[in-house]
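Novice: this is the structure alone, sequence omitted:
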Ligand SMILES: Cc1cc2nc3c(=O)[nH]c(=O)nc-3n(C[C@H](O)[C@H](O)[C@H](O)COP(=O)(O)O)c2cc1C
């Protein structure tokens, strides 16, 4: 097995996807190369991927979809002639619940079929927007899961179903959890602390209720 991992984040090496890729690759002993879509031409990277029997594309979810730079790469990929190549995906996103990535997952499994690649599955992890800003010990569990995922991938050539299941939790938010989050938000604790910090850091706190696309009649 020779593996190409593509980091499909527009933020390149500075983003959360890079951290996912690095910890996944820690578990892999087979020949494995990591390339960063943000630093390379999409056509060249698509052509280069043909030299590998296994391709993993890791990406952040942007607007419930894949980032444009990943789209460009897959559009340049040619269908495999003999069907011997394999492809899998790692999708990480900001909102907690993984259910919102199911549409993208459907697209990715269909894409593997179109390309005549064996589909290895899609690992989905929500609640990941703060990974690069959190202290190491807060990411300990995630990093261990990613390393195990890499080790199992190295052993079996596929993503471990149990690890995929665990990482995808919560799939949906229960009504009780939604109510609790709303309540925490009202008191400015939990996730809202992080977003307040981000808004202030980016000097956007005073503009948080702006509606730039709303016209004077009040419609959008
Ligand atoms: C333009 C943009 C759109 C986003 N859209 C979503 C989204 O639809 N759902 C979601 O859960 N997170 C969304 N996010 C959050 C990112 O998926 C999350 O912050 C991710 O960790 C970013 O990874 P990166 O640092 O590798 O780019 C979005 C972020 C940006 C910048």
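Specialist: Yes, it's here. Treat the numbers as computed from the prediction; the structure is a model and nothing was measured.

Novice: now do the SS call for the closest residue to residue 123 other than its chain neighbours.
Specialist: Of all residues not flanking residue 123 in the chain, residue 90 sits nearest, at 4.6 Å (CB to CB, 6 or more residues apart in numbering). From N, CA and C alone the C-beta is placed, and that goes for glycine too. Assigned with DSSP: H, G, I helix; E, B strand; the rest coil, residue 90 falls in the strand class.

Novice: burial of residue 90, as a residue count?
Specialist: Neighbourhood size, residue 90 [other CB atoms under 10 Å]: 26.

Novice: can I assume it is in contact with residue 61?
Specialist: No - taking CB atoms under 8 Å as the definition, residue 90 is not a contact partner of residue 61, at 10.9 Å.

Novice: which strands and helices lie in contact with the lengthiest helix in the chain?
Specialist: Criterion DSSP state H: the longest helix present in the chain is helix 140-156. If contacts are counted by 3 or more CB pairs under 8 Å, 6 or more residues apart in numbering; DSSP states H and E, helix 140-156 sits against helix 16-25, helix 161-167.

Novice: nearest to residue 192, of those helices?
Specialist: helix 16-25 (19.6 Å; CB to CB).

Novice: I'd like the distance between residue 20 and residue 177.
Specialist: Residue 20 sits 24 Å away from residue 177, going by CB to CB, to the nearest Å.

Novice: buried ones in the longest helix of the chain?
Specialist: By neighbour count with 16 or more other CB atoms under 10 Å, helix 140-156 contains the buried residues 142-143, 145-154.

Novice: I am finished for the moment; much appreciated.
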